[in-house]
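*Asks:* The amino acid sequence is not available; the structure is as follows:
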């Protein structure tokens, strides 16, 4: 039975009870005929007025409820896009409408997040399969060649064995990176910071890449602000972050170009920012949004010569976030090319 019908029946029942009371009072001679007639007329007029009022006042309520029912049916059928549900009616109905709209918005956001997670999962499986299959296939082919006796001279066998060793090392490194990234994302990486000088870490990282820097003829400029404090960090983890950024910068920087590393304290003094700038082709806005995702590579062919497995920046982001900082990439100010990777580390005052 509809709400308006129920309210109308209740109103008519109340009116009948009132008239019955008047008739009973008249039968017991508590009221004379004139009084009984007047009271009956007043009751009937009041009943008619209240019935009309009930009918008119319930129109916005029933309309709002019907809209909510239609809206709930759409949500139940999977139509989670934001609709134009009108927020009208009594205060309680408006609050209910707002609550349903918030629920629909959260469901829509959760559904989009699930779609993104599913797409990321498919990409992850495809990328892992590709990056694992490539070294395994290479190792298998060289081992089969050695087993079949195709190679009979010592020098060629040594070349094959070196290739097998290199591919096995690459496979081991990939598995180690996957294991470390899974620990970081699961929050299982221990955090034991110690006081360290960031400039010393930069020097050690650049020394490890000195041969490649010399081969490309890069002009390396390092600027460390005088007010840079001692940071409480895990030096080996921050060295890995810097190593990844410097490695990427060297790989993409043109020969005889400039590579800059700058360290400065941000306004407010709560964070130190480390910036690695190169003069390469740069990162597009589309790639900048996803470059820190696992296995994401700007080179869709996943050519090993253009980069690693796509885990380095994902690990770097997790390590920076473990320290309470942020990481990102932007185009150097005043230039149309090049990349400027940056990350921040908090300053823990003694």
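*Replies:* Structure received. Remember, it's a predicted structure, so these values are computed and weren't measured experimentally. Numbering: from 1, shown residues only.

*Asks:* Where does pLDDT dip in the stretch 101-250 of the chain?
*Replies:* For the stretch 101-250 of the chain, applying pLDDT under 70 flags the ranges 120, 123-124, 127-128, 130-131, 150.

*Asks:* need the helices for it, in chain order.
*Replies:* For the stretch 101-250 of the chain, the helices defined by DSSP state H, counting those that start in this stretch occupy 154-185, 198-208, 210-216, 235-252.

*Asks:* Pick the most buried one from those.
*Replies:* Stretch with highest mean neighbour count among the helices of the stretch 101-250 of the chain: helix 235-252 (a mean of 20; mean count of other Cβ atoms under 10 Å). The way it works is simple: take the backbone N, C-alpha and C, and place the C-beta from them, glycine included.

*Asks:* Can you tell me which of the helices of the stretch 101-250 of the chain is nearest to residue 192?
*Replies:* helix 235-252 (10.1 Å; Cβ to Cβ).

*Asks:* Show residues contacting the closest one.
*Replies:* 194, 196, 198, 201-202, 204-206, 208-209, 212-213, 216, 218, 259, 261, 274, 276-278, 280-281, 307, 312-313, 315-316, 319-320, 322-323, 327, 339, 341, 343, 345 (Cβ atoms under 8 Å, 6 or more residues apart in numbering).

*Asks:* which one is residue 256 nearest to, not counting chain neighbours?
*Replies:* Closest residue to residue 256 apart from its sequence neighbours, by Cβ to Cβ, 6 or more residues apart in numbering: residue 217 at 4.6 Å.

*Asks:* any idea which residue sits dead centre in the chain?
*Replies:* With distances taken as Cα atoms, centre = their mean, the residue of the chain nearest its centroid is residue 113 (7.9 Å).

*Asks:* Check the secondary structure at residue 343 for me.
*Replies:* Under DSSP: H, G, I helix; E, B strand; the rest coil, residue 343 falls in the strand class.

*Asks:* what's the burial count for it?
*Replies:* 25 (other Cβ atoms under 10 Å).

*Asks:* Just the pLDDT for it.
*Replies:* Residue 343 is assigned a pLDDT of 95 by the prediction.

*Asks:* dump the residue contacts of it.
*Replies:* Per Cβ under 8 Å, 6+ apart, neighbours of residue 343: 241, 245, 273-274, 316, 320, 325-328.

*Asks:* How about residue 341?
*Replies:* Residue 341 neighbours (Cβ under 8 Å, 6+ apart): 245, 248-249, 275-277, 327-329.

*Asks:* Residues in a beta bridge with it, which ones?
*Replies:* For residue 341, the beta-bridge partners under DSSP bridges are residue 276, residue 329.

*Asks:* State the distance from it to residue 149.
*Replies:* For residue 341, the distance to residue 149 (Cβ to Cβ, to the nearest Å) stands at 50 Å.

*Asks:* what ranges do the strands span in the stretch 251-350 of the chain?
*Replies:* Taking DSSP state E, counting those that start in this stretch as the criterion, the stretch 251-350 of the chain carries its strands at 258-265, 271-278, 327-330, 339-346.

*Asks:* Dump the ones you listed to a markdown table, plus distance to residue 55.
*Replies:* Output for the strands of the stretch 251-350 of the chain, formatted as a markdown table (distance: least, Cβ to Cβ, whole Å):
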| stretch | distance to residue 55 |
| --- | --- |
| strand 258-265 | 71 |
| strand 271-278 | 65 |
| strand 327-330 | 62 |
| strand 339-346 | 65 |
